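>>> Quick one, fold the following:
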Amino acid sequence: MSGFLGSALSAAVIFSFVLAAGGLYILARRPRPERIKGILMIAVAGVTLVNVWLLSAPV
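All right, here's what the predicted structure looks like:
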């Protein structure tokens with residue numbers, strides 16, 4: 001896979017790990033009402049990784 005699609009998928013994987021790290025930080029350091037945002041950030045990172053996995057799978 002090369003070109004724009006490969007670059008976009010690589011960026012999506014990197015940003016999903018950054019998003020998951022931010023979600024873990026919010027879960028660990030923020031007050032109770034804001035923890036739901038951390039859970040949602042981790043969920044979005046997981047969905048993004050699954051989407052990248054499905055898009056990069058051979059057909």
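
>>> burial measure for residue 13, as a count.
Neighbour count of residue 13, defined by other Cβ atoms under 10 Å: 16. To be clear about C-beta, it is placed using only N, CA and C from the backbone, and glycine gets the same treatment.

>>> what's the answer for residue 37, then?
Here the neighbour count serves as a burial measure; for residue 37 (other Cβ under 10 Å) it reads 14.

>>> Which strands or helices does the strand or helix carrying residue 39 pack on?
Assigned by DSSP states H and E, residue 39 belongs to helix 35-56. When contacts are defined as 3 or more Cβ pairs under 8 Å, 6 or more residues apart in numbering; DSSP states H and E, helix 35-56 packs onto helix 4-29.

>>> What residues sit buried inside the helix it packs on?
Along helix 4-29, the positions that meet the burial threshold by neighbour count (16 or more other Cβ atoms under 10 Å) are 9, 12, 13, 16, 19, 20, 23, 26, 27.

>>> any idea how far residue 13 is from the last one?
Think residue 27. 21 Å (Cβ to Cβ, to the nearest Å).

>>> just the buried residues of helix 4-29 now: which is nearest residue 33?
Among those, residue 26 lies closest to residue 33 (Cβ to Cβ), at 11.1 Å.

>>> Apart from its neighbours in sequence, what residue is nearest that closest one?
For residue 26, ignoring the flanking residues on the chain, the nearest one in space by Cβ to Cβ, 6 or more residues apart in numbering is residue 38 at 3.3 Å.

>>> give me every residue that touches that neighbour.
Shown in contact with residue 38 (Cβ atoms under 8 Å, 6 or more residues apart in numbering): 22, 23, 24, 25, 26, 27, 30.

>>> Look up how far residue 54 lies from it.
With distances defined as Cβ to Cβ, the gap from residue 38 to residue 54 amounts to 25 Å.
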